[in-house]
Structures are given as C-alpha cells and as structure tokens.
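Provided below for reference: sequence and predicted model.
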Amino acid sequence: NRGRGRHTRSGGGRGAMVPRCRGALGVAARALPHLRAWVAGPARSLPPTAVPAIAGGHRELTTSAEASGASAKKRRKKRPSPEVEAMKMRSLVPSVGGVPGAPGLGGVASLDGIASSSTPQNRRERFEGDLFYDRVIPALRYFYEVHSHLNVHKLYTVPDEPPVPEDIRGFALGKRVDNIRARGDFVKSDPGKLDALLSLGGASPAQRFVWKSKQWVFDHQIVPALRYFKRKHGHLIVPRDYVTPEFEKDLEPHVRLFALGSVSHDMRNKAKGFYLDQQPERVALLDQLGFPWETTSFEKWELRDVPAMEWFKKKHGHLAVPTTFILPDGKEAAESGLPRIAAGVAFGLRCVQIRKRLNAGLLDTRVERKLTSMGFPENLQDAFLRRVVFPAVTYFVAKHGHLRFHSRRQAGLYAVPADTIEVPRFAQGLRLGEVFFGAVRPGAEAFAGGIGLWDGKGCGSTSQRLARYDALEAVVRFAAAKYAEETGTAAAAWDDGFADTLRFVRERCER
C-alpha cells in the first residue's frame, strides 16, 4: 500500500474512508469488484458512483472491470486541450528587450534567423486543415521575405502580431522544419510536397531550403564574411566583437550583421569545436584562406609588429620609438607601404609592452631573436646614451677641445648642427645643455630615452646611473685625445675644460 495513510472521504456515510492505493493492489482492485467492497467495508458500502480511486494514481473507478477498462482506454485516447497543445508548440526562445528584430515584427532576429515574440494567453483552436500546405509553406515564404534565406532555426516561432498573416501567427515553424530535416516529415513519401518545398526561396543556392543548418552557416555566412574581412583589412585576425556591416553592398543580406568575431573565436577554441568538429575539409578551406589559429601573440607579431618596426627603422634609423608615436592611417598608411593591420596603431605603446615582456622573459624565442637582429633596445636610456649622446659629445669635444659652458643658457642654446656626417641623423639637432643640465624631451618621431638619463623617474638604480656617468667620462677623455691628435694642439686642462660639467652630471647620478 503506497498510499501511506492518504484517504479519500466519500459521501456514503460518516467517516467512510477508503485508502488510495497503487501498484499490485490497484491492479487487483480493477479486476475484482468484491475486493473494492471489502476495502470499503460492509457497513460503510458506498454507492457505485461514489467509489473513490484505489489504483493508478487517484483516478475514479467504475463498478465493473469492463467499465473500468473502457474508461482507462478512453482516457488514454483523450487529446490534450488547446491550451496544453499551444503550450507544447510555443517557441522556447525568450524575448530580449532592446535588440532589434525583423522590421515590424517586434521580436529578436539573430544570426540563424531566430525570432521570438510574446505568446498570448488565449490561443486559437487547434488547426484542422492541411498542416503542410496551409501552415508550413506559407510560414517558410514569410520567413524568406523577412530574412532572405531559409535556414530556419529549430527554436524559431513565427511572431504573433501584425503584419504577419493571421493564419501563421505563433506557428512553431522551427520545430516543423527540424522534423523535416531529421525525419523527412511531410516529404518522405510525397514527391509533390518535396517539390513544393524545394521550389521555395531565391535563385541562389544560399536562398534555397536548408537541409544541413551548420553546413549552410559555414558555406554561406562564415566563409563569405571571412573573405570580405580579408579584402577590407588584409588579414584574418578578426576582433572578437566584430560584426559585419549592416548596409554593406558587397555582402549578401544573410551575411550582414553576422557576428564574425565571436564565431572566429569559437572556431579557434578546440574544446568547443564549433563548425569544425570532425570536418577536415572545412579546416583545409580555412587554411587556404589564411585563417590564423593562434592570435594571442605570434600571428599578430608577424603580420603587424615586424612590418611596422621595419618601416619605422627605415624611416628614422632606430627602434627607440617614443611612447606617443602613432603609425599613419588611411591614405598615408597605404602610400607608406604599411600593412593595413598596422594602420593607425599606437605603436609607441605597443613597443612599451614588447619591451616589458622582453625584460620579463615572457616573449617567444623567435620574437626575441628577431628583436635582437633588428636592434630593438631593451633599455631606452642606455640606448639613448650610446647612440645619441656619445656621438654628439665626441663631435663637440673633438671640434672644440673642451666641454665647458659659461652658463646653462649657453649650453641650452647649443645644438648639434644638422647634416653633420660625424653624428647619426637622429642625433643631429640635439641640445647638449638638455643632456647635461636638464632632460631631453623627444618629439613624436625622435629617439626616446632622454628622460631619466641621470635622475628622475625610470632612471634605474644608483649603480646603473653611475655606470652611465663612467661611460660618459671615458668618451670625453677619448674625444679629448682625438682632438689633440687631429689638431696637434692639446685639449683644455681637465679641471678647466671638463670637470665642472661632468661634476654636475655625477651629482645628479648620486642623488
């Protein structure tokens, strides 16, 4: 007895209680009327119409086994109410506020053509006509008019509002189409219906009825969108939030507003396997297009950073890129020969990131070797001192025989002459007064590293600053000897011509 004491009170007398039973006792009760009488008790026998349920889960039993069996058979054949049927057929796609759907539908139109709308409480009566010709075909025609393709998602439900034709409002088209694809509903044994289905859509294969949804998405959305992106940008490193333009004439309507960035990211995720799981021919096609499977570092490095560094070095003669430097954009970038992926990039900040990762040992070994071969500076201050300050100081001392300035104003006014072959072009115009007594603040395209040379933020430890001073003093002594050799005249005395300026620099380094 699974009733566990749960009873039903009948109207046959005061306190007439009969336990509700399931299992073997319930089966026996349906077959043996006298068992019901025994359960109810002789003194409290109930009218035949008032005998409560004993078996099968709280349904009423008739007074005879034959009537009980007929009643059970009738219940099994009973069709669900229109409300229950409508609940089964409704779409499972939730309404999302604020997302634009198809024009005039008030629902959501997604990449796969999913549209959802509110379901009214009062549903129409169950449809009794020809479901295929009166519902499926008109709904497919409506879907094609709105979305320009027939790749109906299995959760799609026709919106239940104007201007949708009244006969197909709220129709669960996605469920019917999914059954046609999987089981051949309506068309498996009826060539006429199959011909009617295949006649829908436009002239393009992308506009015909879709039997394999994922294959259609790959062939007619992913591949065309990737080709369009490559034509526009010259590469396939698609940003994750990229969506194809809505009004691009070069794209078919079903390729517009396609979330190519999200799909590309998912295809690279081997754990998800979207569109590519056990599909080697698709992988081969993406390889032919040049689709990058790893975009975190090396792919961007080869496509963007290396060409940009080569371009900058060719133009400026070094790779000490100022932090504020931005690569040309638009027509200027095209004329300069930069790849389109590098146009408008904040290249100075990118070099700062690369330098930090280089000093932390986080770069790929291939990247490190390339940086070394190109002369990328690991430390901007050391590079500035070696490649800018030393040639300028050597030129000044070798020409004048001293490093003496009567005032800081005089030092600030002196600049290395332009077109001087003794110094590199990025050192021409350097003001030595700024080097010794201030800080060299480079322009947008000058050699970076003058700030923090002797003191200040980013100048390094005291031992590093003193090492720079020692190197500067050695260069000054070498230049004085060169002056004496070339002119035949001894350079100024050390205390008179060099000591004051170098003493000030050393004091800065010891702060």
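Received, thanks. Not measured: the values here are computed from a predicted model. Residues are numbered from 1 along each chain as shown.

What is the subsequent helix or strand relative to the helix or strand where Ala467 lies?
Element membership for Ala467, per DSSP states H and E: helix 462-487. As assigned by DSSP H and E, the chain's next helix or strand after helix 462-487 is helix 494-497.

which other residues reach that next one?
The contact list for helix 494-497 (Cβ atoms under 8 Å, 6 or more residues apart in numbering) reads Gly401, His402, Leu403, Arg404, Ala491. For the C-beta atoms, the positions are set from N, CA and C on the backbone; glycine is no exception.

Select from the residues you listed the one having the most neighbours.
Comparing the contacts of helix 494-497 by number of neighbours (other Cβ atoms under 10 Å), Leu403 comes first, having 24 neighbours.

quick one: it and Gln428, what's the gap?
Counting by Cβ to Cβ, to the nearest Å, the separation of Leu403 from Gln428 is 19 Å.

Repeat that for His233.
Applying Cβ to Cβ, the value for His233 to Gln428 is 38 Å.

Name the residue in those two with the higher neighbour count.
Neighbours were counted for His233 and for Gln428 using other Cβ under 10 Å; Gln428 has more, 19 against 16.

Could you list which residues are in contact with the more buried one?
Neighbouring residues of Gln428 by Cβ under 8 Å, 6+ apart: Val416, Pro417, Ala418, Asp419, Thr420.

Which pair of those spans the longest distance?
Val416 and Asp419 (10.3 Å; Cβ to Cβ).

more crowded one of the two?
Set Val416 next to Asp419 and count neighbours by other Cβ under 10 Å: Val416 wins out with 19 against 7.

thinking again about what came up before, helices and strands around the helix holding Ala467, which ones?
helix 390-400, helix 499-510 (3 or more Cβ pairs under 8 Å, 6 or more residues apart in numbering; DSSP states H and E).

which of those sits most buried?
When you average the neighbours per residue for each of the helices and strands packed on helix 462-487 (mean count of other Cβ atoms under 10 Å), helix 390-400 leads with a mean of 20.

Quick one: name whatever helix or strand follows it.
Taking DSSP H and E, what comes next after helix 390-400 is helix 408-413.

related to what we said a few turns ago, direction-wise, compare the helix holding Ala467 with helix 390-400 and give the angle.
Computed by axes from the mean of the first three to the mean of the last three Cα atoms, to 10 degrees, the angle separating helix 462-487 from helix 390-400 equals 40 degrees.

circling back to that earlier point, so which of the contacts of Gln428 is the closest to Val505?
Checking these against Val505 by Cβ to Cβ gives Val416 as the nearest, at 17.8 Å.

Quick check: buried residues in the helix or strand that contains Lys356?
Following DSSP H and E, one finds Lys356 within helix 347-359. Using 16 or more other Cβ atoms under 10 Å as the test for burial, helix 347-359 gives Phe347, Gly348, Arg350, Cys351, Ile354, Arg355, Leu358.

wait, what's in contact with the last one?
Meaning Leu358. Contacts of Leu358 (Cβ under 8 Å, 6+ apart): Glu368, Leu371, Phe376, Glu378.

Would you check how far apart Asp219 and Arg240 are?
23 Å.

pull the helix or strand with minimum mean pLDDT from this structure.
strand 7-9 (a mean of 45; mean pLDDT, DSSP states H and E).

Give the residue spans of the stretch 251-400 of the chain that score low on pLDDT.
270-273, 295-297 (pLDDT under 70).

Start from the N-terminal end of it and give the helices.
Ranges of helices in the stretch 251-400 of the chain, per DSSP state H, counting those that start in this stretch, are 260-268, 280-289, 298-300, 306-316, 330-336, 347-359, 365-374, 380-384, 390-400.

hmm, back to that, can you turn the buried part of the contacts of Leu358 into a PyMOL selection?
Selection of buried members from these for PyMOL, criterion 16+ other Cβ under 10 Å:
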select buried, resi 371+376
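
could the contacts of Leu358 go into a markdown table alongside distance to Ile137?
Formatted as a markdown table, the contacts of Leu358 follow (distance: Cβ to Cβ, whole Å):
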| residue | distance to Ile137 |
| --- | --- |
| Glu368 | 64 |
| Leu371 | 64 |
| Phe376 | 66 |
| Glu378 | 70 |
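
tell me which residues of the helix holding Ala467 are tucked away?
Neighbour-count burial for helix 462-487 [16+ other Cβ under 10 Å]: Arg465, Arg468, Tyr469, Leu472, Val475, Val476, Ala479, Ala480, Lys482, Tyr483.

which of those lies closest to Pro424?
For the buried residues of helix 462-487, the nearest to Pro424 is Val475 (15.0 Å; Cβ to Cβ).

Give me the spatial nearest neighbour of the closest one, chain neighbours excluded.
Nearest residue to Val475 in three dimensions, chain neighbours excluded: Phe390, at 4.9 Å (Cβ to Cβ, 6 or more residues apart in numbering).

quick one: contacts for that neighbour?
Phe390 makes contact with Ala471, Leu472, Val475, according to Cβ under 8 Å, 6+ apart.

Output the residues you listed in a markdown table; the columns should cover pLDDT and distance to Phe258.
What follows is the contacts of Phe390, written out as a markdown table (pLDDT from 0 to 100; distance: Cβ to Cβ, whole Å):
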| residue | pLDDT | distance to Phe258 |
| --- | --- | --- |
| Ala471 | 94 | 59 |
| Leu472 | 94 | 60 |
| Val475 | 93 | 61 |
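
and of those, the nearest to Asp364?
Distance to Asp364 across the contacts of Phe390 (Cβ to Cβ) is lowest for Ala471, with 31.9 Å.

okay but that closest one is in contact with Leu385, surely?
Yes. Between Ala471 and Leu385 there is a contact under Cβ atoms under 8 Å: 7.0 Å.

what about Thr323, distance to Tyr414?
Using Cβ to Cβ, we find Thr323 at a distance of 27 Å from Tyr414.

do the same with Lys399
For Lys399, the distance to Tyr414 (Cβ to Cβ) stands at 11 Å.

do the same with Thr462
29 Å.
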